[in-house]
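Chemist: Dropping the sequence and predicted coords here.
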Amino acid sequence: MTLPATIHAELQEAVASSNALACLSCGKCTSVCPLATTGRQYSPRINVTRTIRQDYDTLLSDADLWSCLTCQKCDAYCPAGVSYLNLMAVLRSKARQNGFTGECSHAGALQSLARLMVNPDLKQNRLDWLPEQLKTSSKGDILYYVGCTPYFDALFTNLNLHTTQAAVSSIALLNELGIVPALMADERCCGHDLYWNGDVDNFRRLAEANCAAIENTGAKLVLFSCAECLSAFKNLYKEHGLGVSADLQHISEYLAGKVDSGDLILTGDDVMATYHDPCRLGRHLGIYEAPRKLLKPNGNNQLPEMSQNKGRALCCGVSAWMNCDTVSKSIQIERLKQARATGAEVLAIACPKCQIHLLCAQHDQGIGAQNAIEIRDIATIVLGRIAGNSVVVEQIESMAV
Amino acid sequence: MNSRDPTIHQLISDTQATLRLDDTPTATFRVGPVEASPCTWACPAGVNVKTYVSLIAAGRFSEALEVVRRNNPLPAICGRICTHPCEEACNRTQIDDPVAICALKRFLTDYEMAHPPDRPQPAPRTKKESVAVVGSGPGGLTAAHDLIRMGYGVTIFEALPMAGGMLAAGVPNFRLSRDVLELEIDMIRALGVEIQTGVRITGDRATVGLFEEGYQAIFFAVGAHKARKLGYPGEDAAGIVDCIAFLRDVNLGNPQKPGDKTVVIGGGHSALDSAQTALRLGAKEVTIIYRRSRKEMPATPSDVRGAESEGIQIHFLVAPKQLRVKDGRITGVECIRTKLGATDESGRRRPHPVEGSEFIVKADTIITAIGEEPDLSFLPANHGLDISQRWNTFIVDEAILATSRPGIFAGGDVVTGPKSVVDAIAAGHVAARSIDRYLHRKPLARELLWKPPTEVEIKVDLESRPRIPRVPMPVTAVAERINNFKEVDLGFSAEEAMAEAHRCMRCGPCRECTVCVPECDKQIALLSAANGEGALLLRFLPGLEAGRLPLVPHSVSVTGRSGVEISAQVHPLVSHVNERRCRGCGDCVSVCEYDAVRLEERDGGISVAHVDVDRCKGCGTCAAYCPSGAMEPGYFTEEWLTGLLAGMSPERTNLVVITCSWGGARLYDFIGRKQHKNMDITYLQTLCAGRVEPALVLRSFEMGAAGVLINSCGVSDCHYRFGAAQLTRNYAKIEQLVTMVGIHPARLRYEQIPSVDAARFDRILQTFARQIRKLGTGQRAPLETVSG
């Protein structure tokens, strides 16, 4: 494929937004890149150098353009302030416009679902999982943004997946706090994955529709269980001049605040859990402490931490349902090994996609069994820690079994 | 000729056959034998039952008859008097009654007679050798039929004044009309077979003379025309006759009128035929005595019931003890009651006389029908052939049928003792192949005998099948038939035949009948014999990488071990692992029921899938389950399918039809030609329904489909045995996702219509299209900005 002559002018933006000219070529980025350290011939440093040299043919046609996890670990370690994340965003969008794409996992089912949700007359049936006992409404001050977990549960039946459990537990906790959250029957995909697939047009359409819908509910606060949804709303929407008037929080932030205020008391049984920082919640949004507060054992016990945690945390191995392969699995297996090494009983996660990817590695017929550790979402763990305090909670728990 | 053609069959087990592409070196390959349905297993002649029944269900009668004729040159005869082991094997027996396969076959020939085709052209003579066939029964006729089509000269010698052997001399007209018999024999005559009737081959002519007359091989198919004797004093008295003589006289037109009270001794078809014939000749009271119970009767139960309905009495567990003769004339038979003891070598319980239970049955005429054996008196004293002293039959290897003298073959009843028509037909096929190999100085290998390569359990969900009563065979009322020799069974009408054929559950996978081939523009991976009469699925051994084959169906020539040139259309269809994409989860290993995928360990304990291309059948079910897109099914790739979807016009109402290459193969053709008003149809084909996964359906809608119609084989007749079952399971997931994302459930439909039934598919497609028009156009996602 030949690139148009205007490509250099068009990609000036890539140089500017990534701050590529500041690169010192020190190679720290590559030395911490999960791909590079897990055996893929991949170097962020070289790609930044190519950007400076304007070698766009190579950059845009490289199959590994789509392998980058956008985990932002390279940026975290960069002494010169280069944003590899921004570089990826520009390059992928431009690559897609020129006919390049990544290899979609699951035959592209998730990308198709996201694009189908662009339809302005959309009438979904996505709330079937919602138990009757939970109290929700269509309008209200606090909106709970479910994310695409109902689709995940329907699609990944082979993993025996229940990512909607996070939503059930979150809503149960909100009800426990006396809150009846609003839910949107026609909530759309946040567009995060299409954005990182380079399909910025459809990302934008989804973002616009979501923003309008949220404003329509009159919500003052939107809570998320999915780290990627939250990062899309807080970072990506903002970059595109979109947004909502409401505050945006991860459910763990909100619950941690309620623990601080004494509204939520964690008196139930401790669960020895170690916490996996999702890239989007951690490096992308800087949220590290709130989930830990919810997991910290009572008494003097410390929260067991993995060798790579917080800003240095290892990614779950796949991003935006693309370019999944043995390297992805090696990363996942490494992460599961780190979790097991802590001696924790449970691996706590704050993003349904991390949950799916790590669960998929455990599902492996070969080495899955050697890396067994229970993976549970953070809201469900919190719900367990207040068990016995509420009839509602007991009902929900019995349903979850 | 058929899937038992020796050259093709030889290739099935020939893993070292070679294939030549135009521009590449030779490579090894293997053809994939395909499992058959129970009915086809059961047929001694290997008639592809499932296929022709399916074709009848679809109203494609002449094609159905063509399928029958591939293995059976006497369908009209078999349609009347076959013992139909296929029906005993039919899975429907476990639900209600077997499909009336025999009657369906008869229907096909009735239909043909009502719409007669041209008399067949003589088969071209391509070989200098000639074969003498002694005996014109079903075995001799079949061998002659096969040999003349192979290009030999064939003469049949028949001792009786008319051709047909036992069919003509033994079977009464009310079961098999002479017209039908004559017509079927005439079809074989038309091919160029000379039948000399009234010529009894005897003495040295049988073993030496025929060779001297210019025949290079002889096939003895003289049947078993000698009636067994009771061996009791008085058997030569007036009024006692054996069934062979009795029936032959009737069939030759000089019947001996039986007495008012006629007693028939025996329990086989000859006994029934004799009794029913006696009744028609005016006997007032006809009684059959049989020494075992009803269950052990060799005659078909429905035929027994038919005889009883005509008023014939059957006394079970009664054996003759001695004959009563007065003044040189039979007056009756002294009988003794029996009870059944242990099972004997025939598999039936042996009768033992009950002492003191003797009684007398009065009779003016006694017809003995206690068995037949071959009459080998035609052979010269010094024949030098191996003969069983006990059975008076030729001793031959039944897989070869060669006697102990070179060039002399024997088969049918003369080898096995009395058996059914279809067994004789099977022997005729074997004899023809053996003779062909003998004349070409090739070793007479045992593998020539048709044998299923592997037994396979056909999984049919019987629980969910509705009970459908069997369509009864229309018969002439008893009062209107017992005084004449007109056929009793009247045969099905077209409507009755189609209704009955619809009862067939289509057990087992595609039989590669290749009915679809002439109209298929793909002709994928199909190997067809040089004479154009056989076809098999081609699979490649690792020696021939898919990459070396052209990406389009390609003509090649193949040399089998037998040396026979075979032209083939090939396509590499096996799945391929893109190792870069594989994450080694093993989902492909779990779903593959051919054990064709295994995991190979790489560094760090991470595995990568590996496809054994020798086992892989290319169904693509693995691809449907692969999470990372590493499994690429040959030809039917995601890229190809997406490319087809991209052709949909946003201005039009688009219907996407997804079918497998077996159940849907003909439908493709059909859709290709059919115009639908205001509606574009985009046709997606996968090799197997197992390849169809949620993403394919979702993408169809995403890219502009207003409706998606999926069609595959049924779960019980899936070519790949499990693909349709996988889709049936997966379909719930597809439906759930489609509904969840707000697409009207009526926009999605899944059918399991066999490819032969394109007409039914048409009706469903029309209904579906109307429904979609009502719902309006689909919801194509807004287009992205694509530069360049």
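Modeler: Arrived safely. This structure is a prediction, so every number in the text was calculated from the model and none was measured.

Chemist: Tell me how far the strand or helix carrying B:V361 lies from the chain's centre.
Modeler: Under the criterion of DSSP states H and E, B:V361 resides in strand B:359-362. Relative to the centre of its chain, strand B:359-362 is centred 47 Å away, using C-alpha atoms, centre = their mean, to the nearest Å.

Chemist: Whichever residue of the stretch 51-200 of chain B sits closest to chain A: neighbour count?
Modeler: Chain A sits closest to B:N91 of the stretch 51-200 of chain B, with a gap of 31.1 Å, by C-beta to the nearest C-beta. All C-beta atoms are positioned from the backbone trio N, CA, C, and that covers glycine. Here the count is done by other C-beta atoms under 10 Å in any protein chain shown, and B:N91 has 20 residues near it.

Chemist: Flag the shaky bits of the stretch 501-650 of chain B, pLDDT-wise.
Modeler: Residues of the stretch 501-650 of chain B that meet the criterion pLDDT under 70 lie in B:508-573, B:604, B:613-615, B:634-635.

Chemist: three-state assignment of residue 241?
Modeler: I went with chain A, as the question did not name one. coil (DSSP: H, G, I helix; E, B strand; the rest coil).

Chemist: Actually, chain B is the one I wanted.
Modeler: strand.

Chemist: From what I see, it and B:D364 are in contact.
Modeler: No - applying C-beta atoms under 8 Å as the test, B:V241 and B:D364 come out as separate, 11.7 Å apart.

Chemist: quick one: the closest residue to B:G723 other than its chain neighbours and B:C86, what's the gap?
Modeler: Excluding its sequence neighbours, the residue lying closest to B:G723 (C-beta to C-beta, 6 or more residues apart in numbering or on different chains) is B:G690, at 3.1 Å. Distance, B:G690 to B:C86, by C-beta to C-beta, to the nearest Å: 29 Å.

Chemist: what about the two, which has more around it?
Modeler: Taking other C-beta under 10 Å, B:G690 and B:C86 do not tie; B:G690 has more neighbours (31 against 26).

Chemist: What average pLDDT does stretch A:350-357 get?
Modeler: Predicted confidence along stretch A:350-357 averages 96 (mean pLDDT).

Chemist: so is the closest residue to B:L317 other than its chain neighbours in a helix, a strand, or just coil?
Modeler: Nearest residue to B:L317, sequence neighbours excluded (C-beta to C-beta, 6+ apart): B:T338, at 4.9 Å. Under the three-state scheme (three-state DSSP), B:T338 adopts strand.

Chemist: just A:R335 next, same as before
Modeler: Under three-state DSSP, A:R335 falls in the helix class.

Chemist: My impression was that B:I218 belongs to a helix - is that right?
Modeler: No - B:I218 is assigned strand when assessed by three-state DSSP, not a helix.

Chemist: Does the residue of the stretch 51-200 of chain B closest to chain A touch B:C507 like I think?
Modeler: Yes - judged on C-beta under 8 Å, B:N91 makes contact with B:C507 at a distance of 5.2 Å.

Chemist: Contact partners for residue 83?
Modeler: No chain was given, so I picked chain A. A:17-19, A:75 (C-beta atoms under 8 Å, 6 or more residues apart in numbering or on different chains).

Chemist: that's the other chain; I wanted chain B
Modeler: B:300, B:420-422.

Chemist: how many other residues sit next to B:K226?
Modeler: 16.

Chemist: got the residue ranges for the helices in the stretch 151-300 of chain A?
Modeler: Residue ranges of the helices in the stretch 151-300 of chain A, as given by DSSP state H, counting those that start in this stretch, are A:164-176, A:192-196, A:200-217, A:227-231, A:237-239, A:251-260, A:289-295.

Chemist: and the fourth one, how far out from the chain's middle?
Modeler: On the basis of C-alpha atoms, centre = their mean, helix A:227-231 sits 5 Å off its chain's mean C-alpha point.

Chemist: got a pLDDT number for B:T40?
Modeler: We have a pLDDT of 84 for B:T40.

Chemist: Sorry, wrong one. I was asking about B:H9.
Modeler: 39.

Chemist: distance of A:I46 from chain B?
Modeler: 19 Å (C-beta to the nearest C-beta, to the nearest Å).

Chemist: SS state for that residue?
Modeler: helix.

Chemist: and it, what is it in contact with?
Modeler: A:T30.

Chemist: Break chain B into its domains for me.
Modeler: Each domain of chain B is listed here as a residue range: B:130-225+B:374-448, B:230-371, B:576-632, B:638-775, per automatic domain parsing.

Chemist: looking at these, which is closest to A:F233?
Modeler: A:F233 sits nearest to domain B:638-775 of all those, at 21.2 Å, using C-beta to C-beta.
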